[in-house]
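Undergrad: model the structure of this input:
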Amino acid sequence: MYRVTLIQRVLPHYRISFVKALRERLWAHDIELTLVYGQERAGTVPRTVPLNESWARRVPNVYKNLGGMELVWQRCLGAIGRSDLIIVEQSNRLLVNYLLQLQRSWSSRRLAFWGHGRNFQSARTFRERMKERLLRHVDWWFAYTDLTRSVLVDSKYPESCVTVVNNAIDDAVLQNAMRTLAASDRQSVAASIGCNGERVAVYVGGLYRDKRLDFLLQAAHLIKASVPDFELVVVGDGPDRHIVEQAAAEHAWIKYAGAKTGPDVAPYLAVAKVVLMPGLVGLVLLDSFIAGCPLVTTEFAAGHSPEMAYLQPGVNGVMTRDDVHAYAAGVIGCLQDRTQLESLREGCRVSAQRYSMSAMVENFASGIERCLARS
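TA: Numbering: from 1, shown residues only. Take a look at the predicted model:
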């Protein structure tokens, strides 16, 4: 039986179902998966959710700052054991990666990266150039999306050693919750979360700088001026929570719902016509597909996460110029044009089938098998 160790800096709630399903899929093919994970730096998101399984081991992370750069030491070496393959996150700040890449030169054990290929929110700095050099020194790559594969191939990494996993989330929980709500009266669901109007937009995600909450709120005021019954609900938490709390305290049509996960997000998506995300877009795009609630974003200059490769403007979502007035106009168009909105909703439903967690598990497991079988 082959032994595979997956090392994660943190274990957020949206990865729990994935690692469980991956473990089960691999075990059925005589491959044993061990998960090693740590905790977040205090005050940051995503937060680790404990996983009480015999094959999951939690180890402490040590966070240090050096010259303005965060470094993380994951005390995971004792948990690796006799692994045939170790899969780590691609990140310059994770010090254990350097040690494992060094060990790879004399060890028969294989090493794989799971990640984006590069930081899509960063300029071409020294750290990014170093990341590009180091990305070649692994035996396999688990690429988030086709966009990541392109980055790897452009960096001269062999395409034959790349598995595109199409990063996804646990869609079953949200799918079931949305089906349950579909039978309910929309107005009663809206009332249950404190909304009155028909034209509700929702923001779902972390509350931090790259999400551009100031831009979101400026656009919301422009939308409100044209759509009198417009309401904005913000779902999430993070260091910039105070920005949203202050706006909600000043304007009754802006509502802050706090952090919600899993099925608890469903009522907000069920009531909303659109998901507003003018800044960094990541896995929330998949939530919008599942809910049939198109996401509206911008040509964010700092760059989106690789999951943005799933968005097809005009088909399953909307992308406007990176201008607050253009963004507001794009949202207003969705709210006022029923034909456009229904077309986007149908595009979301089709995309939800394509980018599912079950497909991601199969992609990931197949990549592990190919890596282990490679001579």
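Undergrad: would you verify that Ile86 is located in a strand?
TA: Yes: assigned with DSSP: H, G, I helix; E, B strand; the rest coil, Ile86 falls within a strand.
Undergrad: and it, how far from Trp27?
TA: According to Cβ to Cβ, to the nearest Å, Ile86 and Trp27 sit 18 Å apart. Heads up, the C-betas are built off the backbone N, CA and C, glycines and all.
Undergrad: neighbour count: the two, which is higher?
TA: Legend: neighbour count by other Cβ atoms under 10 Å for Ile86 and Trp27, higher for Ile86 (26 against 13).
Undergrad: who's in contact with that one?
TA: Val4, Thr5, Ile7, Ile80, Leu100, Arg109, Arg110, Leu111, Ala112 (Cβ atoms under 8 Å, 6 or more residues apart in numbering).
Undergrad: most neighbours, which of the residues you listed?
TA: The residue in the contacts of Ile86 with the most neighbours, by other Cβ under 10 Å, is Ile7 (26 neighbours).
Undergrad: and which of the contacts of Ile86 is nearest to Thr34?
TA: Thr5 (4.8 Å; Cβ to Cβ).
Undergrad: does that closest one really touch Ala79, like I thought?
TA: Yes: counting by Cβ atoms under 8 Å, Ala79 is a contact partner of Thr5 at 7.3 Å.
Undergrad: where's the residue nearest to Glu346 when sequence neighbours are not counted relative to Gln175, distance?
TA: Sequence neighbours aside, Gly292 is the residue nearest to Glu346 in space, at 7.9 Å (criterion: Cβ to Cβ, 6 or more residues apart in numbering). Gly292 sits 11 Å away from Gln175, taking Cβ to Cβ as the criterion.
Undergrad: what do you get for Val189?
TA: Distance from Val189 to Gln175, counting by Cβ to Cβ: 17 Å.
Undergrad: is Gly38 bridged to anything, and to what?
TA: Val10 (DSSP bridges).
Undergrad: go on, Ile254?
TA: Leu232.
Undergrad: so what's the residue count around Gln175?
TA: Considering only other Cβ under 10 Å, Gln175 is surrounded by 16 other residues.
Undergrad: and for Val274?
TA: For Val274, using other Cβ under 10 Å, the count is 24.
Undergrad: the strands in the stretch 151-300 of the chain, which residues?
TA: 162-164, 199-204, 230-235, 254-258, 274-276, 295-298 (DSSP state E, counting those that start in this stretch).
Undergrad: what strands line up against the second one, and which way round?
TA: The one in question is strand 199-204. strand 230-235 (parallel), strand 274-276 (parallel).
Undergrad: contacts for it next, please.
TA: In contact with strand 199-204 (Cβ under 8 Å, 6+ apart) are residues 190, 216, 220, 223, 227, 229-236, 260, 265, 268-269, 271-277, 284, 287, 293, 331, 335.
Undergrad: ok, and the closest non-adjacent residue to the residue nearest the centre of the chain?
TA: Nearest to the geometric centre of the chain sits Leu283, at 3.2 Å (Cα atoms, centre = their mean). Spatially, and ignoring its direct neighbours in sequence, Leu283 is nearest to Ile169 (5.2 Å; Cβ to Cβ, 6+ apart).
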